[in-house]
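**Q** Okay, here's the prediction I keep looking at, along with the sequence it came from:
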Amino acid sequence: ARRFVILVSGRGSNMRAIVQAARAGTCPADIVAVIGNRADSAGLAWAAEVGIPTAVVSHRDHDSRESFDAALAAEIDRFAPDYVLLAGFMRILTSGFVDHYRGRLINIHPSLLPMFPGLATHAQALSAGVRVHGCSVHFVTPVLDHGPILAQGAVPVLDDDTETTLAARVLEVEHRLYPQVVRWLAEGRVRLDGNRVIVDGENNRLLESA
Ligand code: GAR
């Protein structure tokens, strides 16, 4: 089976959704490690509890992004992954790190890219007044939140939404979308054609809220 390392910073609910899909057999992926940048991450604690190897590489122990990223890559590479999944990993990565994992580094972002890159995406969506919002799973490139898109999930924006209610609606779709993409990667069905992603047998890669 293809090997996946997942990077988390906090809650880790997307990582949990992926691990649960892998363990349920719906996604033939081998989650070989969960690595975090914060020792107090709830996601890391959960992964350790369910018996997945975990490691912490703290950004506080490094005085430059280059030094942190080199330590992080060394830790990741001990597990020899085919793919590295960012799942709520809240550090900006250097282009050296991104290049090292070219075509193998994936992220989930809580907006319909290329709209609303960066932080506070649900607040950005509410203040823009869009009626459709969602999440994107994309390959990571050196330009933040701009790599080739593997799949997207869409939800309506309602008049009485707050950041909290909108975030919850998007998160529910994230938890279905990311395991789905991991399954395609695990099955070896994903290729890149320039800036476009092709997944054999998946013509429609838009997921909509239930
Ligand atoms: C998720 O909504 C993810 O899309 C977002 O952080 C949350 C992490 O939740 N990621 C980003 O904003 C990346 N810039 P989780 O730790 O429970 O998966």
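**A** Structure's in. What do you need? Numbers count the residues shown, from 1 in each chain.
**Q** Check this protein for the residue nearest the ligand and tell me.
**A** With Cβ to the nearest ligand atom, the shortest gap between the chain and the ligand falls at residue 88, namely 2.6 Å. Heads up, the C-betas are built off the backbone N, CA and C, glycines and all.
**Q** Could I get the buried residue list for whichever strand or helix holds residue 136?
**A** Under the criterion of DSSP states H and E, residue 136 resides in strand 132-139. Within strand 132-139, the residues scored as buried using 16 or more other Cβ atoms under 10 Å are 133, 134, 135, 136, 137, 138, 139.
**Q** again, but for stretch 45-54
**A** Neighbour counts using 16+ other Cβ under 10 Å place 46, 47, 52, 54 of stretch 45-54 among the buried residues.
**Q** Whichever helix in the chain runs longest close to the ligand?
**A** Determined from DSSP state H, the single longest helix within the chain is helix 163-186. Yes: using Cβ under 6 Å from any ligand atom, helix 163-186 comes into contact with the ligand via 171, 174.
**Q** which helices and strands sit right next to the helix or strand following that helix?
**A** Next along the chain after helix 163-186, taking DSSP H and E as the criterion, comes strand 190-193. In terms of contacts (3 or more Cβ pairs under 8 Å, 6 or more residues apart in numbering; DSSP states H and E), strand 190-193 is packed against strand 196-199.
**Q** what comes up buried for the strand it packs on?
**A** For strand 196-199, by 16+ other Cβ under 10 Å, it's 197, 199.
**Q** where's residue 106, which helix or strand?
**A** Counting by DSSP H and E, residue 106 is part of strand 105-109.
**Q** now the following helix or strand past that strand: mean pLDDT?
**A** As assigned by DSSP H and E, the chain's next helix or strand after strand 105-109 is helix 121-128. Mean pLDDT, computed over helix 121-128, is 98.
**Q** by contact count, what packs against helix 121-128?
**A** Under the contact criterion of 3+ Cβ pairs under 8 Å, 6+ apart, helix 121-128 touches helix 163-186.
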